[in-house]
Each structure stands twice: as C-alpha cells, then as structure tokens.
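Trainee: fold the following for me, if possible:
(2 chains)
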Amino acid sequence: MGPIAVNRIYAALSALVLAFVVLPLVAIVWVSFFANKILSFPPTGYTLSWYARAWAQDAFRDGFITSVQTALCAVVISLALGVPASLALVRYRFPGRDAIQTLLLAPMIVPGIVGGAALFMAFIELEVLFDVEIAGTLPGLLVAHGLIALPWTVRLVTASLAGTNRSFEEAAASLGAGPLTVFFRVTLPLIKPALVAAALFSFVISFIDLEKSIFLVGPGRTTLQIALVSYLEWNLDSTVAAVAAVQILIIGALLLVSDRYARLARAF
Amino acid sequence: MVEQEYRELNEAAMTSSTATMPLPAPRAREVRRRSPAFGLAAPATLFVVLALLGPLALMFRYSLNRFVPGQMMVEALTLANYQKFFADSFYQDVLFTTLWVSGVSTILCLLAGFPVAYFLVRQASAKWKGRLLLLIILPLLMGNAVRTAAWMVILGDKGMFNAAIGTLGLAPMKLMYTPLAVIIGLVSVMLPFMIVTLQSVLEGIDENLESAAASLGAGHLTILKRVVLPLALPGLLAGTMLCFILSMNAYATPVLIGGPSFHMMAPTVYQQVAKAMNWPFGAALAFVLMAVTLVLTTAANMLVQRHYRRWSE
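Mentor: Numbers count the residues shown, from 1 in each chain, chains lettered A, B, ... in the order given. Reported below is the predicted structural model:
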C-alpha cells in the first residue's frame, strides 16, 4: 500500500466520520421546513409555518425566555467568581493552590445527573430548614448553572493569563498605579479575548444544560432543553425541529464569534 | 524511568482534555508580599464547596438512610440501599447494560476518532484543520436534547434512514428503541471529545519518527503499531476514559432513543430521586455509578501503564 493510498483511506474515513457528526443536525434543520402535516419522508413541499407554531407553544416560548435569562445570569456569576479566582491561581503562589484549582474544575468532572440530584436534595433540605422556596425557582436554577459554567471560565481565563506578558503590569505598577488600576487598565484589556470567549461559552454551556436543570425546574419555570425533552417523549414533529433549528442557529453564531477570540478546540 | 516518562506523557494528555493547565511559577517577590490571593479565590472556592461538595456529602449521608414508603426517609446508618442494589437482579441488569453499551460506544469512538485525528494532524493544511475542528466541535455544543431529536428524525420507524432504504426497495428496519440506536447516539456525542484529545496528543509526536521508520522499510500499519500507537498511548487512554465516563453518565440519549424499557444508570438515578422520591436508594445508585466508573478507569489506567512499560522496553 503506497503512501498516497494510505492518505486517501484516512481522508475517506474522516469524511465519513464528519458526515456522521454533522448529518443529524442538517437533517433536523431540513425537516423543520417540511410542509407534511405528519412528519414523513420525502417532503411534500416546504413551509415556514412550523416556526410560528413553535413560538405559539407556551412551553417553548417560556422555556426559551427562561433559558436566556438563566444563561445571562450564569455568565455574570461565572465571570464574577471565575476571573478573580483565575487571577489568584496564576499570579500568586499560596498553600492549597493546586487543590483549589482542582476544586474549581471539579463541576466539569462530576456527572451532571449526580451533581443535580445532590443539589436538589440540598435545596429541599434548606427549604425545610428555612421555610423558603428554592428548587423550581430562578435562584435555584442559577446556582446550578453558575456552577457548570464556572470551570470553563477558569480554564479559559487561567490559560490566557498564563500567556500574557507580566512586564506590562509591572511597568504600570512601577509608574505608581495601584493594584486595582493595574487590573482594570492593564490586565483586563490584555485578557479581553479570553473574557469574551468565557462569557459566550458560559452562555452556551448554561443554555444547553439538561442533566442538572432537570431536577431544578418547577411548574411554570422550565428551561428550553427540558421543554424539548418532555415534548420529545411523546411527539416528534416539525415543531420541535423548528425549535431545534433556531437553537442550532443561535448557538452556532455564538460559538463562531467565540472562536474568533479563543480557539474552541483549546477549551477541551 | 519509564514510569516517570509515562506519567509525564499521561499528564500532558490529560491537560489537553480534562485536567488542569500547567501554570507558570509566580515570581519570588509576590510570594513574600502579603498575598491577596485568598480573597480573590475565596468566593469561587466557597461557591463550589457549597454548591457541589456539600450537597455530595449530604447525598452520601442520605444513601445510608432508610426509605419508608409514605414517610420518605428515616434517619439511619445502614448499608441496606447498597445491599438492595447488589441483591436485585433488575438493578444489576441496569448496571450491566450501562457497562456494555458504554464499552462498545467507547471502542467505536476510538476506532472512528483515530483516523480523523491522524488526518487532521498529518494531512490537513493548517487552515482546514481549524475549520474541520470547528465543524467537529460545533455539534457537540448544540445540546443533548437537540442532537437526540435529530437522531430520532433519522432513526425513527418512518425516519430518514428507513425512507432512504425504502427507495432502494429494502424493507424498513426497527432502529428506534434498540441498543444499537443508543450506541449510535452516544458515539455521536462522544466522538468530538475523542477526536480533540487524540489530535492534541498526535500533534506532539515528531513526524520524523514516522519518516525514519518508513525509510527503513516499515509499512504504514507497522509504523502505526510500533511508532505512533505507543507514543500516543497516554492520549488514547485519556480519550477512552473520557468517553467511557461520559457514556456511563448519559441521560438524554438512553431516555429518548432507548425508549421506556431500556434502562441505563443515570436515568434510573433520576427516576428514583425525582419520581419515586426514594432518596436513599437514588443516592446509593449515584454513588455506585461513580464508584464503578472510578474503579474501572483506574484499573484501565494501571493496566495500560504496565503494558506500556513492557512495550517500551
């Protein structure tokens, strides 16, 4: 077998695997335009009416709004907690630094269902103790979503901080800038690409979360992913395909923007 | 020596996939200065402790409680929930299904992922490598619900696949609600992780080693077996473990594509905790799942390490 034949085999296998990964998404976007009343192949024609119908469904519309709210808050939480922590991890050496770094990345490693179940039990325990409502409320959801977004922020921002030139910060400090001025005028602008990427990534991670949220949604407060799954348990039609297509469009756009700031492949 | 080298390679591989970034040592001056580091790291640390470690500890305590129907949970210190798991053949079957489905999916991921990673590193131009990697990662972040819905469109009884083979005159196949469909769904979730991990490890292997082997007359398969695979082993292992862990904990795919009579561990945990409200048993299930995953991945790691030593001697 000559080297050219070998190369061709690799190229062909890669094309097959890529098709396997991408094809399902193409299929569901295609299906969202079908005119067929009941989902079947081939299409009898094309229509946009499923999109209007999806938006008219309370579960999808409310779920979408809740998901966007939750994801925006998750971005704020993960940046507010993650950026200072990343600064501490990269710029200082202190006892327990490695342990803290491991801990901050742990929410990525603990399985979603296990972490979700544990958080659910803790919330109910707190509800009983303090007579407040947590599970099924927005704050409860935010704790879970802040938690899953945090490790991605820490990972992207520590990587970026480790790669910046310290001389700029030292120069500013030697010219009399206080630590806060140095941070806001020098450090932040230097790591801005990582911050943008971390914000977009946190949004996406929160928006698509299913396993943790499934324990924490309540009546009247459902995220889009949960609405999709409960719908899919009983029906599969072009309405759900339209929702999926909108989600693919939104997340695809966010990730493409994010990729301009920090290579996505490096986040894994 | 070899072990040390292995460990370093392994760490390098884990860095690119799941674990921590290596951080440069801070300069000595800052170490002596009273450090604000604690204040900076404290909020995030406290948050993770309260929202993750605390609840996990609480859940472990609950797994030792007793479940009394109608009363939910009675304070106790018993291993009855764990015993129930290992005595009840239904739950053993659930674990067994989870294990073999995860094992098969992981092996398929390895087989399908390696050629792509190798192609990206050795053959694709820099521009295309970036584009293809993006194309591989994008579907991963579309969410399990959407991706699973997409597979339902393809694999359903009147789905795209059956419509396609129907035009060729073939009889429709029953795909939905079969283990095969679950495996297909899981592989598509995990493949991007495998490809990205393998790609970053292959990136670190000097291409000249392969050229040297080829110039000495080795065929491509020999080069793979004697040069590339031994060097990529830590990465293969990291990718394999990551995929295995992900599929052991899969939720959406088994629920929606596997159907109501197909049971895997993560959906069973959810069912016990949120539906049956049997918290002690649900908690025990969650810890059995984590323990089995941990033991198997650690064992695999040790086994491969021993193998690696023999290989490189």
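
Trainee: mind checking if the helix or strand containing A:Tyr51 is in reach of chain B?
Mentor: Using DSSP states H and E, A:Tyr51 sits within helix A:49-56. No - using C-beta under 8 Å from any C-beta of the partner chain, helix A:49-56 stays clear of chain B, with a minimum separation of 12.4 Å. Where you see a C-beta, it was placed from the backbone N, CA and C, and this is true even at glycine.

Trainee: just give me how far that helix sits from the chain centre.
Mentor: The chain centroid and the centroid of helix A:49-56 are separated by 25 Å under C-alpha atoms, centre = their mean, to the nearest Å.

Trainee: kindly export it (C-alpha atoms) in CSV.
Mentor: As requested, the backbone C-alpha atoms of helix A:49-56 are provided in CSV (Å, rounded to 0.1, in the frame of the first residue of the first chain):
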residue,chain,number,x,y,z
SER,A,49,-45.3,27.8,9.4
TRP,A,50,-43.7,25.4,12.0
TYR,A,51,-41.6,28.3,13.3
ALA,A,52,-44.7,30.3,14.1
ARG,A,53,-46.3,27.3,15.6
ALA,A,54,-43.3,26.6,17.8
TRP,A,55,-43.3,30.2,19.1
ALA,A,56,-47.0,29.9,19.8
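
Trainee: packing partners of whatever helix or strand comes next after it?
Mentor: Using DSSP H and E, the helix or strand that follows helix A:49-56 towards the C-terminus is helix A:58-91. The contact analysis (3 or more C-beta pairs under 8 Å, 6 or more residues apart in numbering or on different chains; DSSP states H and E) places helix A:58-91 against helix A:97-109, helix A:138-162, helix A:192-207, helix A:224-232, helix A:238-261, helix B:37-48.

Trainee: rerun at 10 Å
Mentor: Counting contacts by 3 or more C-beta pairs under 10 Å, 6 or more residues apart in numbering or on different chains; DSSP states H and E, helix A:58-91 packs against helix A:49-56, helix A:97-109, helix A:138-162, helix A:192-207, helix A:213-216, helix A:224-232, helix A:238-261, helix B:37-48.

Trainee: residues near B:Asn167, how many?
Mentor: Not Asn; residue B:167 is Thr. When neighbours are counted by other C-beta atoms under 10 Å in any protein chain shown, B:Thr167 registers 9.

Trainee: how close does it get to A:Arg263?
Mentor: Using C-beta to C-beta, to the nearest Å, B:Thr167 is found at 42 Å from A:Arg263.

Trainee: go on, B:Val146?
Mentor: Distance from B:Val146 to A:Arg263, counting by C-beta to C-beta: 24 Å.

Trainee: with adjacent residues omitted, what lies nearest to A:Gly218?
Mentor: Counting by C-beta to C-beta, 6 or more residues apart in numbering or on different chains, A:Gly218 lies nearest to A:Gly136, which is 2.2 Å off, once chain neighbours are set aside.

Trainee: got a list of what that neighbour touches?
Mentor: A:120, A:123, A:127, A:215-222 (C-beta atoms under 10 Å, 6 or more residues apart in numbering or on different chains).

Trainee: hang on, B:Phe67 in a helix?
Mentor: No - assigned with DSSP: H, G, I helix; E, B strand; the rest coil, B:Phe67 falls outside any helix and is strand.

Trainee: dump the residue contacts of it.
Mentor: B:Phe67 sits in contact with B:73-74, B:76, B:80-81, B:84, B:272, B:276-282, B:284, where contact means C-beta under 10 Å, 6+ apart.

Trainee: also near chain A: which of these, exactly?
Mentor: Counting by C-beta under 10 Å from any C-beta of the partner chain, B:73, B:272, B:279, B:282 from the contacts of B:Phe67 sit close to chain A.

Trainee: how about the residues you listed, which pair is most distant?
Mentor: For the ones next to chain A among the contacts of B:Phe67, the farthest-apart pair by C-beta to C-beta is B:Met73 and B:Gln272; their separation is 12.4 Å.

Trainee: have a look at the two and say which one is more surrounded.
Mentor: Legend: neighbour count by other C-beta under 10 Å for B:Met73 and B:Gln272, higher for B:Gln272 (23 against 16).

Trainee: ok, the residue nearest to that one when sequence neighbours are not counted - contacts?
Mentor: Among residues not flanking B:Gln272 along the chain, B:Gly282 sits closest, at 3.4 Å (C-beta to C-beta, 6+ apart). By C-beta under 10 Å, 6+ apart, the residues touching B:Gly282 are A:117, A:120-121, B:59, B:62-63, B:67, B:81, B:268-276.

Trainee: rewinding a little: which residues do B:Met73 and B:Gln272 both contact?
Mentor: By C-beta under 10 Å, 6+ apart, the residues touching both B:Met73 and B:Gln272 are B:67, B:278-280, B:283.

Trainee: ok so, going back, any idea which of the contacts of A:Gly136 is closest to B:Leu233?
Mentor: Of all these, A:Phe215 has the smallest distance to B:Leu233: 38.4 Å, by C-beta to C-beta.

Trainee: for the closest residue to the closest one other than its chain neighbours, pull up the helix or strand it's in.
Mentor: Nearest non-adjacent residue to A:Phe215, counting by C-beta to C-beta, 6+ apart: A:Phe120, 3.8 Å away. Assigned by DSSP H and E, A:Phe120 falls within helix A:112-130.

Trainee: before we move on, the earlier item: inside helices: which ones of the shared contacts of B:Met73 and B:Gln272?
Mentor: Applying DSSP state H to these, the entries found in helices are B:279-280, B:283.

Trainee: select only the buried ones of these in ChimeraX?
Mentor: Per 16 or more other C-beta atoms under 10 Å in any protein chain shown, the buried members of these correspond to this ChimeraX selection:
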select /B:279,280,283
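
Trainee: between the helices and strands packed on helix A:58-91, which one is nearest to B:Tyr118?
Mentor: Comparing the helices and strands packed on helix A:58-91 by C-beta to C-beta, helix A:238-261 comes nearest, at 23.1 Å.

Trainee: check whether that closest one comes near chain B.
Mentor: Yes - Helix A:238-261 reaches chain B (C-beta under 10 Å from any C-beta) through A:238, A:240-241, A:243-248, A:250-252, A:254-256, A:258-259.

Trainee: how many neighbours does residue 168 have?
Mentor: If you meant another chain, say so; for now it's chain A. 15.

Trainee: meant chain B actually
Mentor: Residues near B:Leu168, counting by other C-beta under 10 Å: 6.

Trainee: give me the pLDDT value at B:Arg32.
Mentor: The model reports B:Arg32 with a pLDDT of 47.

Trainee: again, but for B:Thr45
Mentor: At B:Thr45, the pLDDT value in this model is 92.

Trainee: isn't it up against A:Phe94?
Mentor: No - checked against C-beta atoms under 10 Å, the pair B:Thr45 and A:Phe94 is beyond contact range at 11.6 Å.

Trainee: quick one: common contacting residues for the two?
Mentor: Both B:Thr45 and A:Phe94 are in contact with A:88, A:100, B:38, where contact means C-beta under 10 Å, 6+ apart.

Trainee: contact partners for the residue in the stretch 101-250 of chain A that chain B sits nearest to?
Mentor: The stretch 101-250 of chain A approaches chain B most closely through A:Ile208 (3.2 Å), counting by C-beta to the nearest C-beta. Residues in contact with A:Ile208 (C-beta under 10 Å, 6+ apart) are A:67, A:71, A:223-225, A:247, A:251, B:140-147.

Trainee: if we go to 8 Å?
Mentor: The contact partners of A:Ile208, taken as C-beta atoms under 8 Å, 6 or more residues apart in numbering or on different chains, are A:225, A:247, A:251, B:141-146.

Trainee: and which of these is nearest A:Arg61?
Mentor: Taking C-beta to C-beta as the measure, A:Arg61 lies nearest A:Gln247 of these, at 13.4 Å.

Trainee: for that closest one, which non-adjacent residue is closest in space?
Mentor: B:Val146 (5.5 Å).

Trainee: residue ranges in chain B under the pLDDT threshold?
Mentor: Residues of chain B that meet the criterion pLDDT under 70 lie in B:1-34, B:71, B:308-313.

Trainee: now the strands: where do they sit in it?
Mentor: B:66-68, B:72-74 (DSSP state E).
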